[in-house]
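**Q** I'll drop the sequence and a predicted model, then ask my questions.
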Amino acid sequence: MSTSASPEPPRTATASRQIGTTRMILYSMSGFGIGCADFIVAVYLLKYYTDHVALSAMLAGTALMIGKLLDGASDPVMGYISDRTKTRWGRRRPWFLVGAAPLALSFIALFSAEGGWSQAQLFLWLLSWNVLFWSAQTVINVPHAALAGEMVEGHNERNAIMGWREALSQLGLLIGAAAPLLVLGTMQEAATEAARASGLAEEVARSAGFAARGDAHSTMAWQFAGLIFVGVLLSFFGTREPQSPRTPPRDSIFGDFADTLKNSSFRLFVVIFVFDQIAGGLTATLVLYTIRDWWKFEGAHEMLLIMSFLLSAVVSIPFWVRAGRGLEKSTIFAMGCFLSAGTLIGATLVPVYGLGLAYAGLIGSGFGVGARAVMAMSTMPDIIDEDELRTGTRKDGAYFGMWSLLRKLCRALSIGAAGFGLSLWGYQEGGLEQPESALRGIMWMFAIVPAIASVIAGLLFLRLPLTRAKHEATLVELDRRRGAAHDPS
């Protein structure tokens, strides 16, 4: 993801801000650690509380849901606060330090509950630390996302920095998928073998191994908390906020968010983003149901198929960033959407053609996701530039706060729709064999509906009026206005 890209069209005002690859990587390091934590919390946290410390599934689910709802509501507020922060370190970077320690501490605490506690104690423990975990993420993520568009302005540079951001985030998800299996599995196996060596019955030995696996969650949490904390610190110390003149935000939070909704490009982007996120959310939510119940693959292939998807998304990003040197962002986003749609339709043939097609489909889908993630994030600062030109105010935090809120709402909607759909189509909880109606429902929700949504998102993105040439003209005019506003004469 080198930034030695083909030259940008000439600017007649202030030169486009550029930064080196090393600084882009350091900027993206917080996403690596947070990506690890996100996957671990999404996959392992609920099972830890229900299976190892015996909190009821209903109470655990309620605590997790409340945390996400409060988290979503805090995103626009954090954007508003970040836009108005004034320190010698800038307005974005200080929030990395504010959120780093609470994020690491809450991650440790989430996996440090005691099995002997009452249901009320476990519920309050999970609720309080879950709220702090997601709030700390918001404190870091919203200013972090807003900072990228301020560090660089050019078409190629924004593709590159968002490419690094998404690549390291996806790599974090990959590590978060694989490493806990090694940590938890190794400690479980060691305890089981030790119990067997002591002459204990097989059932007792397996119980001892299961208990050790529960205890190992705390060890795992400490290891990854260090990774989270260091990653955020690297982003703080490895970045600098631009000192060039900046347009101030509005005076009120209501004016900020009213402006986002008055922006026609952003309104269309919201519609695109909803289709894109629902497509990705349904696929992610149902991937295990697809692999186990519909495709009927078990054992190592479950995790290997998921890891092949994540790895292909990481590997694809340098390719898409390079392609962006000559192509419009809308073209690459649409290519990613159409590629994802094609591979999802191909997934309907996996029960006929077998494991090879499953790997090919998930790898192809990962390539499509890489294009969509990078180009969507890279387009957001361009929309904000357009808004600054129209309104005379600058509000990156407000836009990225709205973006983060929208993403979380779409994720919640996808999970709810998947659960409702499984129930509607007759999915049998705990059943080794599922009825044909349930398998048909999984096929529709994992493959067909996301494929249709992806095609719609791609076609709509092609209608965004944000070409490279138009954006360059916007930057030239913004340079002129900023220079005039700060000219002492």
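**A** Yes, it's here. No experiment lies behind these values; they were computed from the predicted model shown.
**Q** so where do the helices sit in the stretch 1-150 of the chain?
**A** Listed in chain order, the helices of the stretch 1-150 of the chain (DSSP state H, counting those that start in this stretch) span 21-40, 46-47, 57-83, 94-110, 119-151.
**Q** for the chain, what spans make up the strands?
**A** Remark: no strands are assigned in the chain by DSSP state E.
**Q** for it, which helix is longest?
**A** The helix of greatest length in the chain, counted in residues with DSSP state H as the criterion, is given as helix 155-197.
**Q** could you list the domains of the protein?
**A** If the domains of the chain are taken from automatic domain parsing, they occupy 20-239, 249-489, with pieces of a single domain joined by a plus sign.
**Q** for those, give me CSV that also has mean neighbour count.
**A** For the C-beta atoms, the positions are set from N, CA and C on the backbone; glycine is no exception. Written out in CSV, the entries for the domains of the chain read as follows (neighbours: other C-beta atoms under 10 Å):
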stretch, mean neighbour count
domain 20-239, 20
domain 249-489, 19
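**Q** can you redo these as TSV with mean pLDDT?
**A** Supplementary listing: those in TSV, determined by pLDDT from 0 to 100:
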stretch	mean pLDDT
domain 20-239	85
domain 249-489	87
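**Q** could you check the angle helix 21-40 makes with the longest helix of the chain?
**A** An angle of 40 degrees separates the directions of helix 155-197 and helix 21-40 when computed by axes from the mean of the first three to the mean of the last three C-alpha atoms, to 10 degrees.
**Q** show me what helix 155-197 is packed against.
**A** The contact analysis (3 or more C-beta pairs under 8 Å, 6 or more residues apart in numbering; DSSP states H and E) places helix 155-197 against helix 21-40, helix 119-151, helix 202-237, helix 300-323, helix 355-391, helix 468-485.
**Q** output the ones you listed in CSV; the columns should cover distance to Gln188.
**A** Formatted as CSV, the entries for these read as follows, by distance: least, C-beta to C-beta, whole Å:
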stretch, distance to Gln188
helix 21-40, 16
helix 119-151, 22
helix 202-237, 4
helix 300-323, 16
helix 355-391, 27
helix 468-485, 53
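**Q** for Ala447, find the nearest of those.
**A** Nearest to Ala447, of all the helices and strands packed on helix 155-197, is helix 355-391, at 9.0 Å by C-beta to C-beta.
**Q** quick one: Leu59 and Ser198, what's the gap?
**A** For Leu59, the distance to Ser198 (C-beta to C-beta, to the nearest Å) stands at 36 Å.
**Q** my bad, should have said Leu227
**A** Distance, Leu227 to Ser198, using C-beta to C-beta: 35 Å.
**Q** just His301 next, same as before
**A** Where Ser198 is concerned, His301 sits at a distance of 34 Å (C-beta to C-beta).
**Q** likewise for Ala109?
**A** Using C-beta to C-beta, one gets 33 Å for the distance from Ala109 to Ser198.
**Q** how about Ile448?
**A** Plainly put, Ile448 is 53 Å away from Ser198 if you go by C-beta to C-beta.
**Q** farthest residue from the center of this structure?
**A** Within the chain, Gly199 marks the point farthest from the mean C-alpha position, 47.2 Å out by C-alpha atoms, centre = their mean.
**Q** give me phi/psi at it?
**A** phi 90, psi 10 (degrees, to the nearest 10).
**Q** now do the same contact list for the nearest residue to Tyr427 once chain neighbours are set aside.
**A** Beyond its immediate neighbours in the sequence, the residue positioned closest to Tyr427 (C-beta to C-beta, 6 or more residues apart in numbering) is Ala438, lying 4.3 Å away. Contacts here follow C-beta atoms under 8 Å, 6 or more residues apart in numbering; on that basis Ala438 touches Asp293, Leu422, Trp425, Gly426, Tyr427, Gln428.
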